[in-house]
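here is a sequence together with a model predicted from it:
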Amino acid sequence: MHTLEDAKSAALLDRATLVLNRSWRPVHVTTVRRALCMVFRDAAKVVCTESLATYTFRDWLELPVPPGQTAIRSPSVRMLPPEVILLTNFDRVPSHEAPFTRRNLFLRDDFTCQYCGRRCTSDHLSVDHVLPRSRGGTTSWENCVLACVSCNARKADRTIKEVGLRLLRPPVRPRWTPYLNLRPSQRMPSWAQFASDHKRRHFGQG
């Protein structure tokens, strides 16, 4: 029978962990579960985000868990979930572009209507073509934005000039970042010291 502690540990194992290359540059985000597997195989070490000391799996396992800290628990293990790991061999940085997908568009625009600024759940937002497709507009990073139901209905098949709307910011193709598939709420505050763009509200812009 599963206990509440089992459920908490399972949730922790699915939490995000930042992956740094050998040069301490962010290259990926994985789950705590996969991060621990990499550390166990000696493909990476855990980074203590306060001291920046690195730990092997055994060393990390032997670290005492401070009182009140959330920990991964089992009958024989009590371990802090790693927030950052450092790869032992990989030193490259991915250079591919962010693919244009509905999910990535929602992340770029931070679930926010780009006309009125209202933040909504995905079922209250739609993808709007700034220049309507009927006028030759393309389905691309540079011509698509999120719009709430009311703004989308108001704009309909017209240009923003015709309807008197203004964009919060021009739509741009985001550059690739390791946080590409994460919402801001899924990112750990400790990651900010490893990537200055972590604090930006919109991923990959600038």
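Now that the structure is in, tell me what you want to look at.

count of neighbours near residue 12?
18 (other Cβ atoms under 10 Å). (Each C-beta comes from the backbone N, C-alpha and C, glycine too.)

residue contacts, the closest residue in space to it that isn't next to it in sequence?
In this structure, residue 12 finds its nearest non-sequential neighbour in residue 81, 4.7 Å apart by Cβ to Cβ, 6 or more residues apart in numbering. Residues in contact with residue 81 (Cβ atoms under 8 Å, 6 or more residues apart in numbering) are 12-13, 15, 17, 32, 70-72.

turn these into TSV, columns for pLDDT, distance to residue 189 and secondary structure.
Formatted as TSV, the contacts of residue 81 follow (pLDDT from 0 to 100; distance: Cβ to Cβ, whole Å; DSSP: H, G, I helix; E, B strand; the rest coil):
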residue	pLDDT	distance to residue 189	secondary structure
12	88	16	helix
13	90	20	helix
15	92	13	coil
17	95	14	strand
32	95	16	helix
70	85	14	coil
71	86	18	coil
72	88	20	strand
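
buried subset of the residues you listed?
With burial judged by 16 or more other Cβ atoms under 10 Å, the buried subset of the contacts of residue 81 is 12, 15, 17, 32, 71-72.

quick check, nearest of the contacts of residue 81 to residue 115?
Compare each of the contacts of residue 81 with residue 115 using Cβ to Cβ and the shortest gap goes to residue 15, at 33.9 Å.

quick one on the thing from earlier: closest one of the buried ones among the contacts of residue 81 to residue 186?
residue 15 (8.1 Å).

would you agree the closest one is in contact with residue 29?
No - with contacts defined as Cβ atoms under 8 Å, residue 15 does not count as touching residue 29, sitting 10.4 Å away.

okay, and the common contacts of those two?
Counting by Cβ under 8 Å, 6+ apart, residue 15 and residue 29 have no shared contacts at all.

low-confidence regions, this protein specifically.
1-7, 9, 91, 93-97, 176, 180-181, 196-206 (pLDDT under 70).

give me the domain ranges for the protein.
The record's domain parsing of the chain by automatic domain parsing lists 4-95+184-190, 102-163.

okay if I get the ones you listed as a markdown table plus distance to residue 175?
Putting the domains of the chain into a markdown table (distance: least, Cβ to Cβ, whole Å) gives the following:
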| stretch | distance to residue 175 |
| --- | --- |
| domain 4-95+184-190 | 10 |
| domain 102-163 | 11 |
